[in-house]
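> okay, predicted coordinates and the sequence, questions at the end:
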Amino acid sequence: MAYHAYFIGYGYMFEDYPLIKDNIYTFNLEVVSGNPHKSVYDERIGLTISEIFHSFFTIQNNVAIYICDSADKRHLARKRKFDLWFWKYNDNCMIKEDGLAVIEDTEIYDTLLVHKKNEYLELILHAFRDLNARADDK
Amino acid sequence: MNTQQNHKKPLNSKGAAIFKKMLEDKRAIHEHLQNGGKLTDLKDKYNFLDPLSFYKNK
């Protein structure tokens, strides 16, 4: 199995949050070769993801969001996999918060990863929760 | 008696536009890679994070 792991900046979509927008990225993992549904469990994948995020958070103000695509109905399996990796490899420097966004009757599981020493931690958590809130929630 | 059920549709999240864009981009990149393309082909279209930037301030 081979994967692409990458981050994309989305600061331009967070203009309402000028203090944090320049450090907001999504994380994605793409299969390059092999069939993940048929391959045996490989611990190295989780270890690699863990190392990637530890490197990412050497800049403590970085923020990562990942979303689980539901197009192939395997979004819950993906979410469980990421949850497992987080709980197995987090050394308590990262905070994880899960959200569920509703977009045109489609539910999208989304997750925030932020360093516990991020100077804008509370603002980031508030912004993330607000994004997931329903448009007419009071 | 009105037996018609009132099916309440879930409302869009406030961040719908943002998450929708993220999902669209994710799918577009996936399709590009599935069609034999490379991530480097897309460097001008998406703001990929340079992993070397993690260490520049160290």
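Arrived safely. Numbering: from 1, shown residues only, chains lettered A, B, ... in the order given.
> the nearest residue to residue A:103 once chain neighbours are set aside: how many residues sit nearby?
For residue A:103, the nearest residue in space outside its immediate sequence neighbours is residue B:16; the separation is 4.7 Å by C-beta to C-beta, 6 or more residues apart in numbering or on different chains. Using the backbone N, CA and C atoms, a C-beta is placed for each residue, glycine as well. Each residue near residue B:16 was counted by other C-beta atoms under 10 Å in any protein chain shown, and the total is 20.
> the one 10 residues further on too?
Other residues lying near residue B:26 total 19 when counted by other C-beta under 10 Å.
> next one: residue A:53
22.
> I'd say it and residue A:111 touch.
No. With contact defined as C-beta atoms under 8 Å, residue A:53 does not reach residue A:111; the gap is 11.8 Å.
> quick check: buried residues in the helix or strand hosting residue A:3?
Assigning secondary structure by DSSP states H and E places residue A:3 in strand A:2-9. If you call a residue buried by 16 or more other C-beta atoms under 10 Å in any protein chain shown, then strand A:2-9 has these buried ones: A:3, A:6, A:7, A:8, A:9.
> stretch A:7-18 too?
Along stretch A:7-18, the positions that meet the burial threshold by neighbour count (16+ other C-beta under 10 Å) are A:7, A:8, A:9, A:10, A:13, A:14, A:17.
> stretch A:19-28 now?
Residues A:20, A:21, A:23, A:24, A:25, A:26, A:27, A:28 are the ones in stretch A:19-28 that count as buried (16+ other C-beta under 10 Å).
> ok, and the closest non-adjacent residue to the residue nearest in space to the middle of chain A?
For chain A, residue A:66 is the residue whose C-alpha lies nearest the centre (C-alpha atoms, centre = their mean; 2.8 Å). Excluding the flanking residues, the one nearest residue A:66 by C-beta to C-beta, 6+ apart is residue A:27, at 4.6 Å.
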